[in-house]
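Chemist: Provide a 3D model corresponding to the input given below.
(chains A and B)
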2 protein chains.
Amino acid sequence: MTVLSLSDFKQFSSEKMKKNNLFQTPRFFCDVYGFEPGQVQKGHVHGEQDKIYIVLDGQGTFQVGGEEKVLGSGQAVMAPAGAEHGVRNHTQQRLSVLVFVAPNPS
Amino acid sequence: MTVLSLSDFKQFSSEKMKKNNLFQTPRFFCDVYGFEPGQVQKGHVHGEQDKIYIVLDGQGTFQVGGEEKVLGSGQAVMAPAGAEHGVRNHTQQRLSVLVFVAPNPS
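Modeler: Take a look at the predicted model:
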């Protein structure tokens, strides 16, 4: 029984948004994404995966389908399979996002 | 694009632990469980689902397999398919837990 602390997974990279994996099985993965100011996860589509984004710290601009909204700490959105989605840290502060994806595409 | 706030899903029931659903698809569901002091989710097994518990507020005693550990806010644990798991709010404060299960058994 491995207990993880989210705070240990709020890691960042100056090069690009950083994906920090907490858990993965064939059925799902759970990451914390770290975005420095200005970093993005470009819009992309998963044909067979649904994804949830939950903001842990900071604010970001989230795109799902043709829409964009600004989410802050404690807010969540789902990108169903087939919907283009992405994230942009438009702020001057770091952004940490909890991410669930199922099933695991890898 | 529906934006949800976790705070709206931290709901409780005096009768038993309350399951508040944020998102569900055939691929997963994501709930916030609310435990009043003393409330439990009894140990149980899913044959084909993996589950993640992440504590949002409070503290609880989490069981996975034969082990029990106390988790607090920001801590997470996974119960893989086949492992007995449950939760007990052994404290005098409310406990809110973010739960992610894949695939959706229903």
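Chemist: So for residue A:106, what's the pLDDT?
Modeler: As predicted, residue A:106 sits at a pLDDT of 78.
Chemist: Please apply the same query to residue A:40.
Modeler: 98.
Chemist: residues contacting it?
Modeler: A:17, A:86, A:87, A:88, A:89 (CB atoms under 8 Å, 6 or more residues apart in numbering or on different chains). Where C-beta positions appear, they are placed from N, C-alpha and C, glycine not excepted.
Chemist: Mind jotting down where the strands sit in chain A?
Modeler: For chain A, applying DSSP state E gives strands covering A:4-5, A:18-24, A:29-35, A:40-44, A:50-57, A:59-64, A:67-72, A:75-79, A:85-88, A:95-102.
Chemist: Which among those strands is found nearest to residue B:7?
Modeler: strand A:75-79 (9.2 Å; CB to CB).
Chemist: partner strands of the closest one, parallel or antiparallel?
Modeler: According to DSSP bridges, strand A:75-79 forms sheet pairs with strand A:50-57 (antiparallel), strand B:4-5 (antiparallel).
Chemist: List every C-alpha atom in it, with coordinates, as PDB.
Modeler: Provided in PDB are the C-alpha atoms of strand A:75-79 (Å, rounded to 0.1, in the frame of the first residue of the first chain):
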ATOM      1  CA  GLN A  75     -12.200  23.500 -10.700                       C
ATOM      2  CA  ALA A  76     -12.600  20.600 -13.100                       C
ATOM      3  CA  VAL A  77     -13.500  19.800 -16.700                       C
ATOM      4  CA  MET A  78     -13.800  16.700 -18.800                       C
ATOM      5  CA  ALA A  79     -12.600  16.100 -22.300                       C
END
